[in-house]
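Novice: Sequence first, then the predicted structure:
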Amino acid sequence: MPECNLCGQEFSQLNKAEVEGTIIDVCNSCLRFGRKIEIPQQTYKIQRKIDFKSLEQEDLTIVSGYGEKMRKARESLGLSRVQLAEKMKEKESIIKRLEEERMEPDEKLMKRIEKLLGINLKEKYQEMKTARTREKTKLTVGDIVKVS
Ligand SMILES: [Zn+2]
C-alpha cells in the first residue's frame with residue numbers, strides 16, 4: 001500500500017497535494033497541510049475520453065420536423081407508406097410513427113431513410129455548445145500542465 005509522504009502511514013488511496021512547491025502523495029488528514037491538486041493525470045485521461053464520446057454523440061442530432069421532411073420526400077418519389085416500408089423492410093406502422101414524429105429513428109434506420117429518400121435528417125448541434133465543450137477541454141489541459 002502507498003504511504004503518505006507526510007505522516008508515513010499506509011493508505012489504500014492517497015491524494016496529490018502541493019506542499020511548499022513540491023507535489024507529493026498525502027492522506028486525507030494530511031491534505032490540510034498543502035493545496036490539493038484536483039485532477040491527477042489518470043482521472044484526466046478518463047475524463048477526456050468521456051468528453052470526446054459525448055461530443056460525437058451530441059455533434060449530430062435529428063432535424064426538427066423530420067417526420068414532415070420524410071413524408072414530403074416520400075410523396076415526391078411517388079411512394080406510399082406501404083411501398084416505402086417494403087423498400088426499407090420495415091413495418092408500415094414504423095413509417096407512420098416516424099412521419100408523425102412519435103418515434104425517432106436510430107442511427108442505422110436514419111441512414112437507410114436518408115439513402116432511400118435522398119434527404120438529410122441530421123443537423124449539426126448548436127455552435128455554442130461545441131465551443132463551450134472545447135473551452136472546458138482547454139482548461140483541463142491547463143491543469144495537467146500544472147501537475148506534471
Ligand atoms: Zn498523512
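Specialist: Structure received.

Novice: Make sure residue 93 is indeed in a helix.
Specialist: Yes. Note on residue 93: a helix contains this position according to DSSP: H, G, I helix; E, B strand; the rest coil.

Novice: burial count for it?
Specialist: For residue 93, the neighbour count with other CB atoms under 10 Å is 11. (Each C-beta comes from the backbone N, C-alpha and C, glycine too.)

Novice: Ok, residue 66 next?
Specialist: 21.

Novice: got a list of what it touches?
Specialist: 98, 101, 104, 121 (CB atoms under 8 Å, 6 or more residues apart in numbering).

Novice: I'd like to check which residues are in contact with the closest residue to residue 29 other than its chain neighbours.
Specialist: With CB to CB, 6 or more residues apart in numbering as the criterion, residue 29 has its nearest non-adjacent residue at 7.4 Å, and that residue is residue 7. For residue 7, the contacting residues are 27, 29, 30, by CB under 8 Å, 6+ apart.

Novice: Is the last one in contact with residue 8, as I believe?
Specialist: I take that to be residue 30. No. The criterion here is CB atoms under 8 Å, and residue 30 misses it with residue 8 at 9.8 Å.
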